[in-house]
Structures are given as structure tokens and as C-alpha cells.
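Q: Make a model of this:
(chains A and B)
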2 protein chains.
Amino acid sequence: MDVLFTFKIAERQKAELIQQFPTCTFHFKRTASGEEVNFADVIVTYGGNINHELLARAERLKWIMVASAGIEKMPLEALEERKILVTNVRGIHKTPMAESVLGHILALKRSIPEIYAIQETKEWKGDFHSTELRDSTALILGPGSIGGEIGRLLQAFGVRTVGCNRSGRKADYMDETITFGQLKAELPQADFVISVLPSTPETTGLLTAEHFMAMKDSAIYLNFGRGDVLNEAELIEALKEKRIHHAVLDVFQTEPLPEDSEFWTLPNCTVSPHVSSKSWKYIERALIIFQENLEKFLKKEGNFCNVVNLKQGY
Amino acid sequence: MDVLFTFKIAERQKAELIQQFPTCTFHFKRTASGEEVNFADVIVTYGGNINHELLARAERLKWIMVASAGIEKMPLEALEERKILVTNVRGIHKTPMAESVLGHILALKRSIPEIYAIQETKEWKGDFHSTELRDSTALILGPGSIGGEIGRLLQAFGVRTVGCNRSGRKADYMDETITFGQLKAELPQADFVISVLPSTPETTGLLTAEHFMAMKDSAIYLNFGRGDVLNEAELIEALKEKRIHHAVLDVFQTEPLPEDSEFWTLPNCTVSPHVSSKSWKYIERALIIFQENLEKFLKKEGNFCNVVNLKQGY
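A: Model prediction:
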């Protein structure tokens, strides 16, 4: 059984895997360009290197473990046809991402950008119009694992949470749940609109100029899901015309964000370079899921953790 | 019954007071320099204008309502001798202050200062070494109303909370409570050391160079209580020698912070110009406490809310 890693892990993590799985041969590489692809049974990857060319070479491939959440750039149909198992690390992003979302929201409400700015000029002033989270309302697009963790923390701050998903079925840590169809009617009540939606045919272009028009002019919009949930030109327009108060964007239609994007320079926009899920514990947590699944894989047990539904795309 | 306000409140708030208390004559001024002091029964103040000179003129004064928490600059002995009731707004700071503390901590852990900085140069980079709150330990000096609210929120993030007070008696939202005497032994376990202590003879100079030496070099120190809990020169020394990772200071020995203070320019120090308790809801909340107490005062009921113990100083 040949297992190919295409990203770096620590020496002690390599040693632990070798010891725990003596029947496996591990190939710890940092790319998928080597000959190991040709005979690997399992590939562990961040996902970016899985394409048609790789699949053509990877004749023995049975399982792709993606140490990331989004798989929208992978050749999903071809994978389904080959009946290749795809698992991801859904769930491990929730702690760092929810902490990032809360950090950005609290920073904006509690005047932290202004505090950093006055320190540059040694200016002791305090007329910042700080506001509070308490008693506000957050609309969470995608109240799954990450959205639920954001909701749980917001509730601790006394924020009312409204989840928004395809079916409107009840979700954890949401005071209420609505469908995508009810979204526009709910937007005028929201102080925060937080998207953590994956990129699927149903979520692409979900938010339009009309939606930004329906939001409060004091609303903060945060996108920590995928950039294609909206048309960026429409959001730029809404920010320029101050139809909403601020946007915090961790994801973009094109990444890295091109230097000529107006997002970089809009005073009411924070550009976060797709770092919200980063954490020193990331690989550690990913390996825990991988080890659990590898055990099942070797025993031909099935019932894998975090199997990706290739039709739905998440 | 004459009630003198020495700070600005909104017109609708004035109207509400006049309507609710028809037996009172309200004097809505913005200072205590006028002749109303000479016959006021009640003075409502932020506290800074209460001194011996004012007391000498205020012959009929029976109650001072301080719309602030710290009263250390007031002539406490003289007030006690005159048996003047002093009440404050203890409790109304807890929501904005706890949100500020969490905002600063999350910002530092989730690389938000770095995110703001790269936007200035349009540099898409993400190697920030972001860390997490989860599974860390916070030591809270002063686990009262504000400290408890900070503890409650930290616990929601999966942080272990250790309260530290004079007696070591159990406090809400603290997984453990220790005495001031046990502080130094506990410091090496703390990832965050958060002071919200008032200024009293017992808390002045509580933290010394030795304490900063005992902290982790990754520790974040936050002072949202009073500046005299430490000797500022010792903290500056600790920051320069990187004995701790970062300090966030909302209070200082001298405020406004003098322009030549090294705190302004230390890269591992955030200067917050005593704004953490600011909130658009501040006066609204202070008036709720005042109205409740004024009703009791008029009925000679006693049992006032937030009476200051002039001997203890808080």
C-alpha cells in the first residue's frame, strides 16, 4: 500500500505514521510531479494538484485525502467515474475560522483599527463611536460546521443568529433558520451578514446588487466561504456608495487578489489574504482525521469520516 | 430636591427624567463650576470634578452619582466624614470592556494587525503564524463584574480561566481562583494575563519586574484596570527584552499618555487611549441605574444599587 504526501509535515509526524502503519509505504514529497503518482494507492494533498493529467498517471489511485475544505477546482466527474474515494478535513477549520470572524467583527465594533492608527501618530484621542455586538443580529449563510461554530460564539456575545441554507432545515446554534429564497426579506434585520458557503452551482452568484441594497447601511458583510458567491464589481459598487458599512473578505474570485483590484484601497474594506483557517494546529488536526480513515481503509471497513459527495461538490 | 448633572445627556433623556420625577428640579449643566453646586442635593458626575473645594461649597450635598467606575481621585475621607452617599455605575462597563478585551486578544492571535498592514502595500502573503485561543489559559486579576464577563466569553472560546483576587474566594466564570499571594507561582502557566483591578492600596504596584520575568515569553499582558498596578518602566523593560510577547494597555499612570512615553513606539505594545468601556449605550445604561436609585432616594428607602465603600475605595 503506497501513500504519497504532497505537502510538508513534521519529522515527528512522519515517524508516527510509519510506526502506526507498518504495512504502508509512505512517500513524503512536497509535490505530485514525481513518479510516485504512478503507483500511489492514496494521495494526501491540499487539492490544487489534482487534475486530469494526474488522474491519467495515477492508475492505482483509490483514495484522495484533501487537507482542505474546498474541492471545486478538482475534476469531480472524472473522480466519480473512477469511483475514487475523496475525503476532506471538514471540521478542522471551524476553530481558527470562527476565531478570525469574531476577531474581525470585534475589531470593527470596538474601534481597534482606529486605535492602531492613532498609535502611529501618538495621538491620544477617544471619540471613536465604538459600538457593541450585544443585542445585534447575524445572518449566517451556510450554518454547517464552521457557520455553527461562528453562531455558537456569537450567541455567547448575546447576538441573535439566523442561519440560511438551501432547505431551511434547523441548524445548530442558530436561533432561526431560513432558506436561500427567504434571504432578501431577512437582510434588512441583519447587522452582520457572514458567508461561509462552499462554491457549488447553487451558491455561485447567490448575492447580487439587490441584496447589498437590502442590507442596513450599518451592516458588516464578511465573506469567508468562496469568492464566487457574488459578483465582485457589485460589492465594490455597494462599498463605494456606502450602502453597507464595511466588508471583510478572506476569499476572492481570483487569488492572489490582483494588484489593481479596488478592494485593496477601499477604506471600508478589509482584505484578508485567505488566511482565516490558518493555525499552528492545522496539520496536527488533519493528520488525526487521516489516521482514523487510513485505519478504516486498511481494514476495508468503510464508514469513512468526511467523505466528499462528488455530485454536490462538498 | 435639586439634582445637578455635570455632563451632557440627550434631550429625550432630560425630558424622561423631568417627567418621571416631578418633585425634583434638574439642573442640566456640563460643569460643576456654577452656583447650582451650592444648593444641589444630588450631583451626577463622571467624578473628575469632585474635590475638596467643591465639597466646601456643596453644603446640602447628600448623594454623588458617579457615572464611571474608578473613584480613586475623589476625596474619599472627606466624603465619608460628611456621610455623603456615593454610588457608581459598576456593571455597565462589563459588556463593552469584555468585548474590547476579546477583540484585542483575537486580533493578536489571528494576525489582524498583520492583515491590516499588508493591505497598505497590497501584498498578498499569508505566512503569519496565526495561533488560537482554544486550549490556552487566562489569568484574570480582578474576577469581579468585568473580569467575570471576560471569563465567561473566554470560556466560550475554550480557554481555561484562573481568577486572582485578595481572598482567593471562588468567582463566577473562573475555572479556578487564587490569591494575590499565589500569583507568581501561577504566572508561568498563563497565555494571557488580564488586569481589570481598581486602584487601591493593595493593588498599587502589585505587578513587578519579577512577575514579568515569570510569564511565558509568548504571553500577552492586558491592562484594562488602572495604570498604577505596575511600574511602567519595568513593563517597558520587559517588552524591550521580549520577556513577554505583547502588551495591550488601555490605562496608564499618567493620562493622556505623554508623547515621550516609549509605549507609543514599542512594536510589541498596543496603546488604547482609555476607550475600552466606551459604547453608544453607556449613558443609557448609567441613567437606568440612576433612575432606580433616585426613586429609592426620594422614598428614603435605602438599599441603593452600586454603593461605593469609601474605605475600600471601590
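Q: Identify the residues contacting residue A:229.
A: A:141, A:195, A:197, A:199, A:203, A:204, A:205, A:206, A:207, A:223 (CB atoms under 8 Å, 6 or more residues apart in numbering or on different chains). Backbone N, C-alpha and C define where each C-beta goes, glycine included.
Q: scratch that, residue A:2 is what I was asking about
A: So residue A:2 contacts A:24, A:25, A:27, A:36, A:39, A:40, A:41, A:42, A:60 (CB under 8 Å, 6+ apart).
Q: and the stretch 51-200 of chain A, which residues reach chain B?
A: With CB under 8 Å from any CB of the partner chain as the criterion, the stretch 51-200 of chain A meets chain B at residues A:95-96, A:99-100, A:102-104, A:106-107, A:109-113, A:115-116, A:118-119, A:122, A:124-126, A:128-134, A:152-153, A:156-158.
Q: Among those residues, name the ones in helices.
A: Within those, residues falling in helices by DSSP state H are A:95-96, A:99-100, A:102-104, A:106-107, A:109, A:112-113, A:115-116, A:118-119, A:152-153, A:156.
Q: So residue A:271 sits against residue B:121, correct?
A: No: the pair residue A:271 / residue B:121 is not scored as a contact, 11.1 Å apart, by CB atoms under 8 Å.
Q: who has more neighbours, the two?
A: Taking neighbours as other CB atoms under 10 Å in any protein chain shown, residue A:271 and residue B:121 compare with residue A:271 leading, 22 against 8.
Q: residues touching the more buried one, list them.
A: A:249, A:257, A:263, A:264, B:115, B:118, B:119.
Q: at 10 Å what do you get?
A: A:247-250, A:252, A:257, A:261, A:263-265, B:115-116, B:118-119, B:122, B:124 (CB atoms under 10 Å, 6 or more residues apart in numbering or on different chains).
Q: same question, residue A:154
A: A:98, A:101-102, A:105, A:133, A:136-138, A:140, A:160-161, A:173-175, A:192, A:194, B:156.
Q: Please apply the same query to residue A:28.
A: Counting by CB under 10 Å, 6+ apart, residue A:28 touches A:3-9, A:11, A:13-14, A:17-18, A:36, A:44.
Q: Please pick the buried ones from those.
A: Among these, those buried by neighbour count (16 or more other CB atoms under 10 Å in any protein chain shown) are A:3, A:4, A:5, A:6, A:7, A:9, A:13, A:17, A:36, A:44.
Q: for the third one, which residues make a bridge with it?
A: Applying DSSP bridges to residue A:5 gives these bridge partners: residue A:28, residue A:44.
Q: which SS state does residue A:172 fall under?
A: Reducing the assignment at residue A:172 to three states with DSSP: H, G, I helix; E, B strand; the rest coil gives coil.
Q: what's the burial count for it?
A: Residue A:172 has 14 neighbouring residues, counting by other CB under 10 Å.
Q: mind listing what it touches?
A: Residues counted as contacts of residue A:172 (CB under 10 Å, 6+ apart) are A:143, A:144, A:145, A:147, A:148, A:149, A:151, A:152, A:163.
Q: Do I have it right that residue A:71 meets residue A:47?
A: Yes: using CB atoms under 10 Å, residue A:71 is in contact with residue A:47, at 5.8 Å.
Q: In what element of secondary structure is residue A:210 found?
A: Assigned by DSSP states H and E, residue A:210 falls within helix A:209-214.
Q: can you list contacts of that helix?
A: Contacts for helix A:209-214 (CB under 10 Å, 6+ apart): A:183-188, A:190, A:193, A:208, A:219, A:221, A:230-231, A:233-235, A:237-239, A:241, A:243-244, A:247.
Q: Now restrict those to buried residues only.
A: A:183, A:186-187, A:190, A:193, A:219, A:221, A:230, A:234-235, A:238-239, A:243-244, A:247.
Q: Please report how far residue A:90 lies from residue A:252.
A: 22 Å (CB to CB, to the nearest Å).
Q: Next: residue A:15.
A: The separation that residue A:15 has from residue A:252, given CB to CB, amounts to 38 Å.
Q: Could you do residue A:13 as well?
A: From residue A:13 across to residue A:252, the span is 31 Å (CB to CB).
Q: Equivalent analysis for residue A:136, please.
A: Look at residue A:136 and residue A:252: by CB to CB, they are 26 Å apart.
Q: again, but for residue A:21
A: From residue A:21 over to residue A:252 (counting by CB to CB), the distance is 38 Å.
Q: Break chain A into its domains for me.
A: Following automatic domain parsing, chain A resolves into domains at A:2-92+A:280-298, A:94-271.
Q: got a pLDDT number for residue A:41?
A: With respect to pLDDT, residue A:41 has a value of 97.
Q: residues contacting the spatially most central residue of chain A?
A: By CA atoms, centre = their mean, the mean C-alpha position of chain A lies nearest to residue A:225, the distance being 4.7 Å. Counting by CB under 10 Å, 6+ apart, residue A:225 touches A:69-70, A:97, A:141-142, A:146-147, A:194-199, A:203, A:206, A:250-251.
Q: Just the ones of the residues you listed in helices?
A: Per DSSP H, the contacts of residue A:225 map to helices at A:97, A:146, A:147.
Q: how about these in TSV, adding neighbour count and pLDDT?
A: Formatted as TSV, these follow (neighbours: other CB atoms under 10 Å in any protein chain shown; pLDDT from 0 to 100):
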residue	neighbour count	pLDDT
A:97	25	97
A:146	29	95
A:147	30	97
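Q: my guess is residue A:223 contacts residue A:252, does it?
A: Yes: at 8.6 Å, residue A:223 and residue A:252 qualify as touching, with contact defined as CB under 10 Å.
Q: Where does the residue in the stretch 201-314 of chain A that chain B sits nearest to sit: helix, strand or coil?
A: Going by CB to the nearest CB, chain B is nearest to residue A:256 of the stretch 201-314 of chain A, at 3.6 Å. For residue A:256, the assignment made with three-state DSSP gives coil.
Q: Retrieve the pLDDT associated with it.
A: Residue A:256 is given a pLDDT of 96.
Q: The one 5 residues further on too?
A: The score at residue A:261 is 98. That number is its pLDDT.
Q: Not including adjacent chain positions, what is the nearest residue to residue A:225?
A: Leaving out its chain neighbours, the residue that sits closest to residue A:225 by CB to CB, 6 or more residues apart in numbering or on different chains is residue A:197, at 4.1 Å.
Q: in a helix, that's where residue A:161 is, yeah?
A: No: using three-state DSSP, the secondary structure at residue A:161 is strand, not a helix.
Q: in stretch A:60-79, what's buried?
A: For stretch A:60-79, by 16+ other CB under 10 Å, it's A:61, A:63-71, A:74-76, A:79.
Q: Mind picking the one among these that's closest to chain B?
A: Proximity of these to chain B (CB to the nearest CB) peaks at residue A:68, which lies at 13.7 Å.
Q: Kindly provide the distance from the closest one to residue A:38.
A: 24 Å.
Q: and if you look at residue A:85?
A: 19 Å.
Q: if we can go back for a sec, hmm, which of the contacts of residue A:271 are the buried ones?
A: When the contacts of residue A:271 are checked for burial by 16+ other CB under 10 Å, the buried set is A:247-250, A:252, A:257, A:261, A:263-264, B:115-116, B:118-119, B:122, B:124.
Q: mind listing the strands for chain A?
A: All strands of chain A, identified by DSSP state E, fall at A:2-5, A:25-28, A:42-45, A:63-66, A:85-87, A:137-141, A:160-165, A:176-179, A:192-195, A:220-223, A:246-249, A:269-271.
Q: what separates the first one from the chain centre, distance-wise?
A: In this case it means strand A:2-5. From the chain centre to the centre of strand A:2-5 is a distance of 26 Å (CA atoms, centre = their mean, to the nearest Å).
Q: What of stretch A:164-176?
A: Using CA atoms, centre = their mean, the offset of stretch A:164-176 from its chain centre is 18 Å.
Q: where in the stretch 151-300 of chain A is pLDDT low?
A: Along the stretch 151-300 of chain A, the model assigns pLDDT under 70 to no residue.
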